[in-house]
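1. Please find the sequence and the predicted model below.
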Amino acid sequence: MNKVILIAGPTASGKSSAAIFIAKKLNGEIINADSMQVYKEIKILSARPNNYLGIKHHLYGFLSVKKKFSSGQWLKLATKKIKEIIRKNKIPIIVGGTGLYFKLLLEGVSKIPKISSIKRNKVLKLYEKIGPDLFYNKLLKLDPKVFNYVNLNDKQRMIRSYEIKYYTKKSILDWHKETTNALGNFNFVKIFLNLEKTKLHLRIEKRFKSMIKNGAINEVKKFLKLKVKSDLSANHILGLKEIVRYLNKEISLKEAILLSNIRTRQYVKRQMTWQRGQMKNWLSFEQNQASNWKKNLLNQISKS
């Protein structure tokens, strides 16, 4: 069975260097799964790898910040690259911190029609008005199929199941059956690269200082000249907002660095929450002091 290695993990956990090490040892090529590293104009702030060390990298810095780019588009491109790499008898290594990209890769794209926020709020208000017990009974009357899918303590899943059946007239389970995954027969080796919290925070601080030193402020100046529309994803790159405030003389550079580090730590917290909820069956590999931790990681992958 074709092997595909997935390496996820929080920001600044050393995913890129681990991926390059593994690619060298296993004859692999690397595919980006970071939603900000796709943009060509923000190399420094997105922490795009500086040196590919002779390993072929795909889907890095290929898109303008002025373009819209969806997770569905990424999935289509990544799927194509995975198949190309396998045809060359090489191992695809997908690396990044965007949890949704990995979820789509493993589960495929759902065909559930979009339900407006107005309609969703109506269901939420109903839940809050009648409480979980009555809402659960109401849901089972509406959609008996979800009896083994939803439990009384899972508010989010209850509400989602109700709104889908109510507004689409079709059970969420029927929609799930129609979800297709083009890579369903592949052997996914799923690694979540972890690092002790204090060490990770120190890495975040060190990395942002290095970004400033290596030209992040000039990168932001150039970004501002592009007049990127406010609704585009590139505006959410970590550190951008804080440097803009510094350039506007609203805060000092020291404050910008501090605020950026705080926001990055908050983002890491969300990444870890995603991991606990969506990546329960991934191998959580804890980096340790041992100089050979990458070798240990390679051994784990080789066994899979």
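-> Everything's here; your move.
2. Confirm that residue 300 sits in a helix.
-> Yes. Secondary structure of residue 300 (DSSP: H, G, I helix; E, B strand; the rest coil): part of a helix.
3. those strands in the stretch 151-300 of the chain, which residues are they?
-> Ranges of strands within the stretch 151-300 of the chain are 187-194, 283-286, based on DSSP state E, counting those that start in this stretch.
4. Retrieve the pLDDT associated with the residue nearest to the spatial centre of the chain.
-> Against the mean C-alpha coordinate of the chain, by C-alpha atoms, centre = their mean, the closest residue is residue 98 at 1.1 Å. With respect to pLDDT, residue 98 scores 95.
5. what number of residues lie near residue 117?
-> The number of residues packed near residue 117 is 9, by other C-beta atoms under 10 Å. Backbone N, C-alpha and C define where each C-beta goes, glycine included.
6. just use 385 as the starting number from now, easier for me
-> With 385 as the first residue, the last one maps to residue 501.
7. follow-up on the earlier one: now mean neighbour count, mean pLDDT and distance to residue 466 too, for the strands of the stretch 535-684 of the chain, in JSON lines please.
-> Formatted as JSON lines, the strands of the stretch 535-684 of the chain follow (neighbours: other C-beta atoms under 10 Å; pLDDT from 0 to 100; distance: least, C-beta to C-beta, whole Å):
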{"stretch": "strand 571-578", "mean neighbour count": "19", "mean pLDDT": "93", "distance to residue 466": "10"}
{"stretch": "strand 667-670", "mean neighbour count": "15", "mean pLDDT": "88", "distance to residue 466": "20"}
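8. what's the distance between the residue nearest to the centre of the chain and residue 644?
-> 19 Å (C-beta to C-beta, to the nearest Å).
9. Check residue 514 too.
-> 44 Å.
10. Of the two, which one has the most company?
-> residue 644 (25 against 13).
11. So the more buried one sits against residue 591, correct?
-> No. Taking contacts as C-beta atoms under 8 Å, residue 644 lies outside contact range of residue 591: 10.3 Å.
12. residue boundaries of the helices in the stretch 535-684 of the chain?
-> If DSSP state H, counting those that start in this stretch is used as the criterion, the helices of the stretch 535-684 of the chain fall at 539-552, 556-561, 581-597, 600-609, 624-631, 637-662, 677-687.
13. repeat for the stretch 385-534 of the chain
-> 399-410, 455-471, 483-491, 501-526.
14. mean pLDDT for those: which is lowest?
-> helix 483-491 (a mean of 90).
15. Now for the residue nearest to the centre of the chain: which residues touch it?
-> Neighbouring residues of residue 482 by C-beta atoms under 8 Å, 6 or more residues apart in numbering: 417-419, 455.
16. Determine which two of those residues are furthest apart.
-> The largest separation in the contacts of residue 482, counting by C-beta to C-beta, is between 418 and 455 at 12.0 Å.
17. Looking at those two, which has the bigger crowd around it?
-> For residue 418 versus residue 455, neighbours defined as other C-beta under 10 Å are more numerous around residue 418 (21 against 15).
18. And the pLDDT for that one?
-> Residue 418 is assigned a predicted lDDT (pLDDT) of 97.
19. In space, what's closest to it - neighbours in sequence excluded?
-> residue 480 (3.6 Å; C-beta to C-beta, 6 or more residues apart in numbering).
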